[in-house]
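K.L.:
Just to be clear, the model below is a prediction. Sequence and coordinates:
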Amino acid sequence: MKSFVRNFLEYNHSSNDKVISLLEKHKEELPEKCITLFSHILNAQEIWNARILGKQPEFKVWDVSNLAEFRNFNQRFFSGSIAILEEFNLDQKIDYRTSKGDPFISTVQDILIHVVNHGSYHRGQIMQLLRDEVNDAISTDYIFYKR
């Protein structure tokens, strides 16, 4: 199962890189919502990594970063997720609190899969915005990654 989760995290990282390239290509005409949503994708991965590690996250859910920082953050947070994958048992239960303070328990596997699924959802929103505003978009569907 670890190989599947690793592959899924690699897909997420690769898809993020492709979206970053597209955002950079259109940086002068980007809707601000694209930057907000992509920051949110990255923030969420960092927050979930921190929750698994029992650390305080560096970012809040809706903090907005600069486009120039996206590649570095994408690599850093991906590396963090891979380190977690190597260090933790996927069935290990993690106690955490949501950003609203509500307590929950989830497995490492469920959290890492959520990170990828969450990113896919918001990348889709970004592509819709780009189609509407700059008439350009890419597919970041998993099957295209695997082809």
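P.N.:
Structure received.
K.L.:
Show me where the chain has its helices.
P.N.:
2-25, 32-53, 70-87, 108-134, 142-146 (DSSP state H).
K.L.:
Determine which of the ones you listed approaches Lys60 most closely.
P.N.:
Closest to Lys60 of these is helix 32-53 (Cβ to Cβ; 6.9 Å). All C-beta spots, glycine's among them, are computed from the backbone N, C-alpha and C.
K.L.:
can you pull the buried residues of that closest one?
P.N.:
For helix 32-53, the neighbour count (16 or more other Cβ atoms under 10 Å) marks 34-35, 37-52 as buried.
K.L.:
Next, the angle from that helix to helix 70-87.
P.N.:
If you take axes from the mean of the first three to the mean of the last three Cα atoms, to 10 degrees, helix 32-53 sits at 20 degrees to helix 70-87.
K.L.:
by contact count, what packs against helix 32-53?
P.N.:
The contact analysis (3 or more Cβ pairs under 8 Å, 6 or more residues apart in numbering; DSSP states H and E) places helix 32-53 against helix 2-25, helix 70-87, strand 93-97, helix 108-134.
K.L.:
JSON lines for these, including mean neighbour count, distance to Asp63 and mean pLDDT?
P.N.:
Putting the helices and strands packed on helix 32-53 into JSON lines (neighbours: other Cβ atoms under 10 Å; distance: least, Cβ to Cβ, whole Å; pLDDT from 0 to 100) gives the following:
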{"stretch": "helix 2-25", "mean neighbour count": "17", "distance to Asp63": "17", "mean pLDDT": "98"}
{"stretch": "helix 70-87", "mean neighbour count": "17", "distance to Asp63": "11", "mean pLDDT": "98"}
{"stretch": "strand 93-97", "mean neighbour count": "13", "distance to Asp63": "18", "mean pLDDT": "97"}
{"stretch": "helix 108-134", "mean neighbour count": "17", "distance to Asp63": "15", "mean pLDDT": "97"}
